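Asks: based on what follows, work out the 3D shape:
(one chain, ligands or ions: 1)
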Amino acid sequence: MPIHFERKNQRFLLTTKNTAYAFDIGAGRYLVHTYYGKKGKEISAFEGAPLSFGSYPESLGDKWNPDEIPQECPFFDSGDYRISALRIEGKDGTSVTDFVYQSHRVFAGRNDIPGFPTADADEKTKTLEIKMVDEVTGCVLYLYYTVFYEDDVISRSMKIENKGKDTVTIERCMPISLDMKGCDYHMVSLWGTHNAECNIQRFPLHHGVQSIFSRRGSSSPQHNPFLAVSSPKATETKGDVYAFNLVFSGSFADEIEVDQQSNTRVQVGLGSDTFAYTLEAGETFHSPEALMLYTKNGFGEMSRLFHTFIRKHIMPPCALEKHPVVLNTWEACYFDIDEQTLFAFAEESSKIGIDMLVMDDGWFGARNDDHAGLGDWYPNPEKFKNGMKSFVKGIHERGVKFGIWIEPEMVNQDSDLYRAHPDWCLRVEGRELLLSRDQLVLNMANPDVVAYLKKSFDATFGDVGIDYFKWDMNRHLAAVGSPLVSAEKQKELRYRYVMGVYDLLQYMRARFPDAIIESCSGGGGRYDLGLMKYGFQIWTSDNTDPYARILIQRGARLPYPASTMSCHVSDPHEDMKSLDFRYKVAVGGMLGYELNILKMSEGVKKEIARQIKEYKSFEDLIRLGDYYSLVCPFEKGYAAYYYADKEGTEILFSLLEQENCQKGETVLLRFTAAKADKVYTDVLSGKTYLGSDLKKGVRFSLKGEKFSAEMMHLIAK
Ligand code: DGJ
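Replies: Here you go, the predicted model:
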């Protein structure tokens, strides 16, 4: 049974296929964490040495010291001085709460989180709901634990109902709070910036708080919400790894505190820096869902568990089908687009096997550069004389599908929308506007704004046959306020902004069910599970330099499946070796092109046609296969990895050298997913390999030359 309550010990035991998670009702009131890890191990509470200077509830006496107890949901100012999972300010101006266990129930499936994306339940999914009450404020707290048995994932979320008479303010909300014994762990996360997303960082924990976060209103390229806490010796194939993520696309905080007893507390959620929510009497608040998993088999298994989970429970079904090979106009044309050029692009694209032409920025309003037009979502009449419908028909007639770029959340001051509704953007009255790329952010928390966008997209794309939207976001939120909102509600804007984005995404999915959505935020600036719920892949980075991409794509695949990575080959400047290398890097994910096809020689076009054909012969493996990283480019100057099908009978291997590799350096690479009793043929070279040899290891020699890469597509007989 995935969820069991032992009445005698007052203990909840949650189990997945390989893991167990346990906590008790302590003193008949509070939830005391006792275990998370491998299933079958003895489950015992961990308690610290008695501490002086403890603050304990009078009725429980000094044996109950909140500061030394591992807790499931620690409350602010409750005598637990460590980071708190929940902080609520009451009418009296204090932020003291005392939520006490009332009851629980277990149900099949999962709870809805209204307005939020959540992981889909399967037939084995079960949820535990725990009800706790704070008498003074009258708030009722529901903690949800959803167990995805088959996938070794447990998710957590919170619901707070204000059943009291007075308004309260939620000041901090961390749906995952996990207390871990000891502090001999490493923290692993992804940091970056525009053009250099998803760098892997790893360091030992220290006493005090260490955190990653976004205060930018989006999940951001600076830190990704993914977090892992591992044993110090954990490798790709061995060692304990606890991993976490948030199904949310806005500001977040992942915090770890090592306390005075040298124990560790991990929290994942909305944080307290840029979040607050005023809950009036009778109102309900929902946190987003946070995920956690544990494996004893290192980071490789962590990645594969997350990848499988994301494919099964997060992504829309279209993401599991073949993804189109696109040609995107951005790097080829920038804003300089017109009907005739795009028709020519479509014609040439279709000849070489490209599935879809994506018209990027520059098609709407007065958009001839990035100073104008955002918000005016109608085709520029100069560029599209016969309107959108006839243009898209023309593209389709030339044999390719059609995708289009949008940036719904933004507005330029030089736009009809801004002139009509200057108060629809985020701004603080009486203060200077904060611009970025000459644009402002629309207040997506305002239902009128979302309604306007729905209406605009409906009018422009309604019966046009769009096959794909590239949904961009090219700045972060700053000076977040709205003249249309009361003072108490200003702090909610960031949270409500994300809800508005989800509202529009849900509308677009329902209104254009056959169109796929690719998410982008100047590249991988919103690479998160919230967006993945609606979109089928993410524009991994604006940086299409293949050497930079080797690193970025390695980082992205640590938590996210390769099918989420949109990887384009950009202009090789007629250098065939460069073209080959760019392709070999790009087929780490979902292949596309970003070049001026009208300026390519016949030789380059012929090679691209060959590449697309070859890619389609193994695309299934990249999209659905298991990912094994053999050499991490952040550790060595090159990357080696492979994808394998579940049976281990088909393998796609790549070795990609960075510029400074040592010629002649050798490396032994083991293909553990291969089957020892099979014989494999590399269909790219014709060579054969015994499965047993692949398992033992194949030695590769680095070439140490520019644009060096090797690939094998191994198929077992
Ligand atoms: C940023 C994106 O990452 C680019 O691919 C392109 O779509 C531009 N925005 C267009 O403004």
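
Asks: in contact with residue 416, which residues?
Replies: Residue 416 sits next to 365, 375-376 when contact means Cβ atoms under 8 Å, 6 or more residues apart in numbering. In short, each C-beta sits where N, CA and C put it, glycine included.

Asks: residue 23 belongs to a helix?
Replies: No: per DSSP: H, G, I helix; E, B strand; the rest coil, residue 23 lies outside any helix segment and is strand.

Asks: okay, the residue of the chain found nearest the ligand and residue 340: tell me how far apart.
Replies: Here the chain gets closest to the ligand at one residue, residue 361, 3.5 Å apart by Cβ to the nearest ligand atom. Distance of residue 361 to residue 340, computed by Cβ to Cβ, to the nearest Å: 19 Å.

Asks: swap in residue 375?
Replies: Distance, residue 375 to residue 340, by Cβ to Cβ: 27 Å.

Asks: residue 250 too?
Replies: Residue 250 is 41 Å from residue 340, by Cβ to Cβ.

Asks: near the ligand at all, stretch 186-196?
Replies: No: for stretch 186-196, no contact with the ligand is found by Cβ under 6 Å from any ligand atom; the gap never falls below 8.6 Å.

Asks: quick check: buried residues in that stretch?
Replies: 186-192, 194-196 (16 or more other Cβ atoms under 10 Å).

Asks: now do the contacts for the closest residue to residue 275 other than its chain neighbours.
Replies: Once flanking residues are discounted, residue 275 sits nearest to residue 495: 6.0 Å by Cβ to Cβ, 6 or more residues apart in numbering. Residue 495 sits next to 250, 270, 275, 277 when contact means Cβ under 8 Å, 6+ apart.

Asks: helix/strand/coil for the residue of the chain closest to the ligand?
Replies: Quick answer, by three-state DSSP: residue 361 is coil.

Asks: can you check residue 310 too?
Replies: When classified by three-state DSSP, residue 310 comes out as helix.

Asks: ok, it touching residue 527?
Replies: No: using Cβ atoms under 8 Å, residue 310 makes no contact with residue 527, being 11.7 Å away.

Asks: starting from the helix or strand encompassing residue 711, tell me which strands it pairs with and how they run.
Replies: Using DSSP states H and E, residue 711 sits in strand 709-716. Partner strands and pairing direction for strand 709-716 (DSSP bridges) are strand 650-657 (antiparallel), strand 679-682 (antiparallel).

Asks: near the ligand, which residues of the stretch 451-600 of the chain are found?
Replies: Proximity of the stretch 451-600 of the chain to the ligand is confined to 472, 474, 520, 522-523, 539, 542 under the rule Cβ under 6 Å from any ligand atom.

Asks: so in terms of bridging, what pairs with the nearest residue to residue 118 once chain neighbours are set aside?
Replies: Distances taken as Cβ to Cβ, 6+ apart put residue 289 closest to residue 118, at 5.1 Å, once the chain neighbours are dropped. Assessed by DSSP bridges, residue 289 has beta-bridge partners residue 247.

Asks: go ahead and confirm residue 336 touches residue 360.
Replies: No: contact between residue 336 and residue 360 fails when scored by Cβ under 8 Å: they sit 11.0 Å apart.

Asks: who has more neighbours, those two?
Replies: Per other Cβ atoms under 10 Å, whichever of residue 336 and residue 360 has more neighbours is residue 360, with 21 against 12.

Asks: and the more buried one, how close does it get to residue 404?
Replies: 8 Å.

Asks: could you do residue 270 as well?
Replies: In terms of Cβ to Cβ, residue 270 sits 33 Å off from residue 404.

Asks: what does whichever helix in the chain runs longest contact?
Replies: In the chain, with assignment by DSSP state H, the single longest helix is helix 602-624. The contact list for helix 602-624 (Cβ under 8 Å, 6+ apart) reads 311, 320, 322-323, 325, 348, 351-354, 562-563, 569, 572, 574, 576, 579-580, 583, 587-591, 593, 597, 600, 643-645, 650-652, 683-684, 713.

Asks: burial measure for the residue nearest to residue 118, as a count.
Replies: 26.

Asks: quick revisit: who's more crowded, residue 375 and residue 340?
Replies: residue 375 (31 against 10).

Asks: would you say the more buried one is within a helix?
Replies: No: checked against three-state DSSP, residue 375 lies outside a helix; its state is coil.

Asks: surely it touches residue 442?
Replies: Yes: in this structure residue 375 lies within contact range of residue 442 using Cβ under 8 Å: 7.3 Å.

Asks: between these two, what contacts are shared?
Replies: 410-411.

Asks: and this protein, what are its domains?
Replies: 3-314, 318-539, 628-716 (automatic domain parsing).

Asks: from residue 172, how far out is residue 224?
Replies: 21 Å.

Asks: list the contacts for the closest residue to residue 25 other than its chain neighbours?
Replies: Leaving out its chain neighbours, the residue that sits closest to residue 25 by Cβ to Cβ, 6+ apart is residue 10, at 4.2 Å. By Cβ under 8 Å, 6+ apart, the contact set of residue 10 is 24-26, 28.

Asks: and this protein, which of its residues are near the ligand?
Replies: Residues of the chain lying near the ligand (Cβ under 6 Å from any ligand atom): 330, 360-361, 405, 472, 474, 520, 522-523, 539, 542.

Asks: now the angle from the helix or strand hosting residue 307 to helix 602-624?
Replies: Here residue 307 sits within helix 298-309, counting by DSSP H and E. With axes from the mean of the first three to the mean of the last three Cα atoms, to 10 degrees applied, the angle from helix 298-309 to helix 602-624 works out at 90 degrees.

Asks: what pairs with whichever helix or strand comes after helix 298-309, parallel or antiparallel?
Replies: The element immediately downstream of helix 298-309 (helix or strand, assigned by DSSP H and E) is strand 326-328. Strands that pair with strand 326-328, judged by DSSP bridges, come out as strand 356-359 (parallel), strand 590-594 (parallel).
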